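Participant: Got a predicted structure here, sequence first:
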Amino acid sequence: MSRPPKGDTPERSARVTRSTDHRGARAVLLFLGIGLAAGLLSGLFGVGGGTVIVPLLVLLCGFDQRRAAGTSLAAIVPTASIGVISYAVSGNVAWVPALILAAGAVVGAQLGTRLLPRISQTVLRWLFVAFLVLVIVSLFLVVPSREAALDLTWPTGIALLVLGVGTGVLSGLIGVGGGIVVVPFLMMVFGTSDLEAKGTSLLMMIPAALSGTVGNLRTRNVELRPALLIGIAACTTTALGAWTATLVDPVVGNALFAVYLVGIAVQMALKAWRGRSAR
């Protein structure tokens, strides 16, 4: 009988075995279920779905954090693409601003990964939780008009680039997708309608997700089969989520988004607390 590598425990070996066994019926059903949930939330809130995919891959499928993040990023590409098409049909995508945001995010992600070893993850997570609390409160104070649009001027373009860079840095530092930052900023700072903010956010994610996926493929940090199953399943519900967003009143939409952000804040706070306890 082969022994586990030195330093391994039976529990860790079991997790590794589960993380590589992705062909069973149970695993396929889990991937499809994760994709359905992620696609619905992606279309409804204009987020990539990684905040759903990553924790579920870790908790239910035995993935380690890095491989879960890489697999999630690959699944986001088709998911966000369908979401963009769904929002574009109703004219709710600001194309040029999205590309400016994407350019800034790509640069910012590189800065974030360089800063990662130098900054305390625990402190960053607590700061992000505080930021989310402010956003959640603001969502109940500022309700965007459905007729509002993003007017692109030189100052606005520069501000969008700065937002993109900041979003990318945050993504590189703590692995959070851009939607939970970009959507509230577009609504509350730039005065964009909630629908255009979501459609623009989804478009912004595609170049960054593609770039990250290529990098993850080179380092073999992505499981393609699970990513494909999750992405395909997500594509079937993303349009439903986007369509639901058009039916929901902006006040209700803000409240639902706030509930979603509370879930993210709780996840991040738990990670920060565990990091503090481990020190």
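Facilitator: Now that the structure is in, tell me what you want to look at.
Participant: all helices of the stretch 51-200 of the chain, in order?
Facilitator: Ranges of helices within the stretch 51-200 of the chain are 65-89, 95-115, 121-139, 154-174, 179-188, 194-218, based on DSSP state H, counting those that start in this stretch.
Participant: Can you tell me the closest non-neighbouring residue to K271?
Facilitator: Closest residue to K271 apart from its sequence neighbours, by C-beta to C-beta, 6 or more residues apart in numbering: R125 at 5.6 Å. Any C-beta I mention is one placed from the backbone N, CA and C, and that applies to glycine too.
Participant: May I see the helices of the stretch 51-200 of the chain organised as a markdown table, with distance to L32 added?
Facilitator: Formatted as a markdown table, those follow (distance: least, C-beta to C-beta, whole Å):
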| stretch | distance to L32 |
| --- | --- |
| helix 65-89 | 12 |
| helix 95-115 | 29 |
| helix 121-139 | 30 |
| helix 154-174 | 26 |
| helix 179-188 | 22 |
| helix 194-218 | 20 |
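Participant: so which of those helices comes closest to D249?
Facilitator: The minimum distance between D249 and those falls on helix 194-218, with 9.9 Å, by C-beta to C-beta.
Participant: Direction-wise, compare the closest one with helix 65-89 and give the angle.
Facilitator: 140 degrees (axes from the mean of the first three to the mean of the last three C-alpha atoms, to 10 degrees).
Participant: Quick check: next helix or strand after helix 194-218?
Facilitator: Using DSSP states H and E, the helix or strand that follows helix 194-218 in sequence is helix 224-247.
Participant: Show me what counts as buried in that next one.
Facilitator: 226-235, 237-239, 241-242, 245 (16 or more other C-beta atoms under 10 Å).
Participant: swap in stretch 214-222?
Facilitator: Neighbour count says stretch 214-222 has 216, 221-222 buried, by 16+ other C-beta under 10 Å.
Participant: likewise stretch 123-133?
Facilitator: For stretch 123-133, burial by neighbour count (16+ other C-beta under 10 Å) applies to 124-126, 128-129, 131-132.
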